[in-house]
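Peer 1: just to be clear, the model below is a prediction. Sequence and coordinates:
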Amino acid sequence: MEELAPGLHRWTARHPEWIEDHEPGSPADWPQAVGCVAYAAPGALVLIDPLIVEDRWAPLDALVERADRPVAVLTTMRFHARSRDAVAERYGAELSSHREPPPAGVRRIPIEGADESMVWLEEPRALVPGDRLLGDEAGGLRICPQSWLRYLPEPPSADELRAALRPLLELPVEMVLASHWDPVLRDGREAIRRAIEAR
């Protein structure tokens with residue numbers, strides 16, 4: 001578990017549903033280790049898309065104890081349930097749906113037509129996306145492959161997804177804590193702009 005800013009932590013865990021022999025660009029094309037975020041907001045320790053595997057609870061147990069505040073669990077999208085229920089049971093956490101207001105200092109950013117609600121952490125100026133913004137394996141970001149949207153009844157085109165992501169540029173984003181591949185830890189807004197404008 002790495003502390004990225006005061007009260008802001010990120011860790012990775014090996015996803016048990018990862019497929020080794022996946023086709024590049026397919027919906028299964030993502031790395032085995034996925035990112036999870038913890039943020040000590042003023043009134044709650046917010047856990048975003050948490051995943052705990054092989055009973056490795058100790059680092060999160062210690063973080064919850066140090067935070068000494070209620071725990072709230074948020075997910076960015078329906079496929080990221082991960083260890084949400086186990087975390088809620090262990091810590092007596094509140095499961096916050098997309099329709100309920102998140103704790104103070106935290107905002108949800110719905111991505112129009114993309115079946116995702118990113119999480120904006122105001123004080124550290126960190127954006128936590130689910131699947132629509134990914135690390136690009138070169139220190140920046142990219143938008144998800146079109147194949148990742150096929151399950152939607154009316155999947156947006158690449159241009160429509162770029163348009164849906166454009167309002168993110170109104171935020172003073174410093175960090176983008178992507179779930180898949182590496183996070184961007186500075187100049188996040190510029191990394192988002194580049195991802196949107198890449199062709």
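Peer 2: Yes, it's here. Residues are numbered from 1 along each chain as shown.

Peer 1: paired strands for the worst-scoring helix or strand of the chain on mean pLDDT, with orientation please.
Peer 2: When the helices and strands of the chain are scored by mean pLDDT, DSSP states H and E, strand 94-95 comes last with a mean of 82. When pairing is defined by DSSP bridges, strand 94-95 lines up against strand 71-74 (parallel).

Peer 1: any idea which element the residue of the chain positioned farthest from its centre lies in?
Peer 2: Going by Cα atoms, centre = their mean, the residue of the chain most distant from its centre is residue 21, 24.4 Å out. Here residue 21 is covered by no helix or strand, with elements defined by DSSP states H and E.

Peer 1: residue 35 now?
Peer 2: Secondary structure (DSSP H and E) places residue 35 in strand 33-40.

Peer 1: where along this protein do the strands fall?
Peer 2: 2-5, 8-14, 33-40, 45-48, 71-74, 94-95, 106-111, 116-121, 126-128, 133-135, 141-143, 175-176 (DSSP state E).

Peer 1: in CSV: those, plus distance to residue 190.
Peer 2: All C-beta atoms are positioned from the backbone trio N, CA, C, and that covers glycine. Below are those laid out as CSV (distance: least, Cβ to Cβ, whole Å):
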stretch, distance to residue 190
strand 2-5, 18
strand 8-14, 20
strand 33-40, 20
strand 45-48, 23
strand 71-74, 26
strand 94-95, 34
strand 106-111, 18
strand 116-121, 17
strand 126-128, 13
strand 133-135, 13
strand 141-143, 10
strand 175-176, 10
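
Peer 1: residue 59 is nearest to which of those?
Peer 2: Closest of the strands of the chain to residue 59 is strand 8-14, at 6.8 Å (criterion: Cβ to Cβ).

Peer 1: what does the pLDDT read for residue 17?
Peer 2: Looking at residue 17, its pLDDT is 68.

Peer 1: I'd like the strands of the chain as TSV, with mean neighbour count appended.
Peer 2: Formatted as TSV, the strands of the chain follow (neighbours: other Cβ atoms under 10 Å):
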stretch	mean neighbour count
strand 2-5	13
strand 8-14	19
strand 33-40	22
strand 45-48	26
strand 71-74	24
strand 94-95	15
strand 106-111	18
strand 116-121	22
strand 126-128	26
strand 133-135	25
strand 141-143	22
strand 175-176	25
